[in-house]
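Undergrad: Take a look and give me a structure for this.
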Amino acid sequence: MMNILVTLNANYLPPLKVLLHSLFCNNKDESFSIYLLYSDIPDQDIKALEQYIISKGHRFTPIFVDSKWFQDAPVFRHYTSEMYYRLAAYQFLPEDVDRILYLDPDIVCINPITDFYWTDFENCLFVAAEHEHSAKMARAINKLRLRTPNAKGYFNTGVLLMNMASIRKEVNIEEIYQFIEKNKLKLVLPDQDVLNALYWDKIKPADSLKYNYDARYYELSKLIPKRKHSIDWIRRNTVLIHYCGKDKPWHKQYKNELKCFYDQYKE
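TA: This next block holds a predicted model:
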């Protein structure tokens, strides 16, 4: 059974259902145990989500988190306080969960995730991908800003394979709190900054084009002569498409061609 973690508020329930539907459709031989960390979702919505997941033959474990856990942490733009819950997941998840895959709700799965889910951690706490097209230009700035001169990159937290057995031993929630308090005025992508600052040497890199394809990159790649990342290439090779940024495929004005994958599973 594969463990999947999501952390969100009620506003992200519709795209979450699209994500789950895409997971279930493209991993028909797998069983999933879905864990939801939340603070602000009505009971009737939790029950409806549970009925949907169970009807598809999978398990669902909702876990209420008191909003006081990160009440003083910075939240801005389209981010919510629930983004921090993945960093403290070891505090809430059952002890028998030894690995879990965190996914942002603005993601769709278009191919099987089995190979990625069972990636060898090689003594790392996390497996994550760097969006090189955007992070590469700011890499030097991020290393200076976060004081991580030897970091391998700046990793996106939207897809995060978590080694829970080791995280319980090595991650300290007080250290996270202290970092946020000390640096709250410098945090740009808050939870992502925390992960890259505190655990930069405990992250195993993954292929972003396969496991965390930034939909914004597809539009940029149109400017590249003889680009290889066509819709067909993505359909054959990519596992997880991530609709990063404030513009989302469920917005009417969204124009990105990769919206076709979101619409497929929305229907």
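
Undergrad: pLDDT weak spots in the protein?
TA: Along the chain, the parts satisfying pLDDT under 70 run over 74-79, 132-146, 149-150, 223-228.

Undergrad: Show me the helices in it, by range?
TA: 13-26, 43-55, 114-117, 132-135, 139-146, 164-170, 173-183, 190-198, 208-211, 215-221, 231-237, 259-266 (DSSP state H).

Undergrad: These into a markdown table, with extra columns for mean neighbour count and distance to residue 93?
TA: C-betas here are computed from N, CA, C, even on glycine. A markdown table is the format used below for the helices of the chain (neighbours: other Cβ atoms under 10 Å; distance: least, Cβ to Cβ, whole Å):
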| stretch | mean neighbour count | distance to residue 93 |
| --- | --- | --- |
| helix 13-26 | 19 | 18 |
| helix 43-55 | 13 | 17 |
| helix 114-117 | 15 | 16 |
| helix 132-135 | 16 | 28 |
| helix 139-146 | 15 | 27 |
| helix 164-170 | 16 | 6 |
| helix 173-183 | 14 | 13 |
| helix 190-198 | 22 | 17 |
| helix 208-211 | 20 | 22 |
| helix 215-221 | 17 | 29 |
| helix 231-237 | 13 | 31 |
| helix 259-266 | 17 | 26 |
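
Undergrad: Quick one: closest of these to residue 1.
TA: helix 114-117 (10.4 Å; Cβ to Cβ).

Undergrad: all strands for the stretch 1-150 of the chain, in order.
TA: 2-7, 32-38, 59-64, 99-103, 107-109, 126-129 (DSSP state E, counting those that start in this stretch).
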